[in-house]
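Student: Sequence plus predicted model, see below.
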Amino acid sequence: MTVTAWILLIMFGLFALSDLNLTEDETKHIKFFIIMKFVSVFIAAIAAGVIWGGLFQ
């Protein structure tokens, strides 16, 4: 459980922090990327909470 949370935290944390270099062809996907960034922040936060809770039981 904790290992899965670490993987989620790293994967989605990096995605949430990444800078998206969008070309003109990709601007139509910008709403998807913005939504994915918000979702990634929440997933990373939940994973961090699971890790934090597991460390201090």
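Tutor: On my side now, so go ahead. All values reported here derive from a predicted model rather than from experimental measurement. Numbers count the residues shown, from 1 in each chain.
Student: Go ahead and confirm residue 47 touches residue 8.
Tutor: Yes: with contact defined as CB atoms under 8 Å, residue 47 reaches residue 8; the gap is 4.0 Å. Glycine gets a C-beta too; all of them are placed from N, C-alpha and C.
Student: Pick out whichever of those two has more residues nearby.
Tutor: Of the pair residue 47 and residue 8, residue 47 is the one with more neighbours under other CB atoms under 10 Å, namely 21 against 18.
Student: other SSEs contacting the helix or strand harbouring that one?
Tutor: Per DSSP states H and E, residue 47 falls inside helix 30-55. Contacts defined by 3 or more CB pairs under 8 Å, 6 or more residues apart in numbering; DSSP states H and E place helix 30-55 against helix 2-17.
Student: which residues sit against the helix it packs on?
Tutor: 36-37, 39-41, 43-44, 46-48, 50-51, 54 (CB atoms under 8 Å, 6 or more residues apart in numbering).
Student: For PyMOL, what selects the buried ones among those?
Tutor: Only the buried entries of those go into this PyMOL selection, using 16 or more other CB atoms under 10 Å:
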select buried, resi 36+40+43+44+47+50+51
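Student: what is the orientation angle of the worst-scoring helix or strand of the chain on mean pLDDT with helix 30-55?
Tutor: Every helix and strand of the chain was ranked by mean pLDDT, DSSP states H and E. The lowest is helix 2-17, at a mean of 78. Put simply, helix 2-17 runs at 150 degrees to helix 30-55, going by axes from the mean of the first three to the mean of the last three CA atoms, to 10 degrees.
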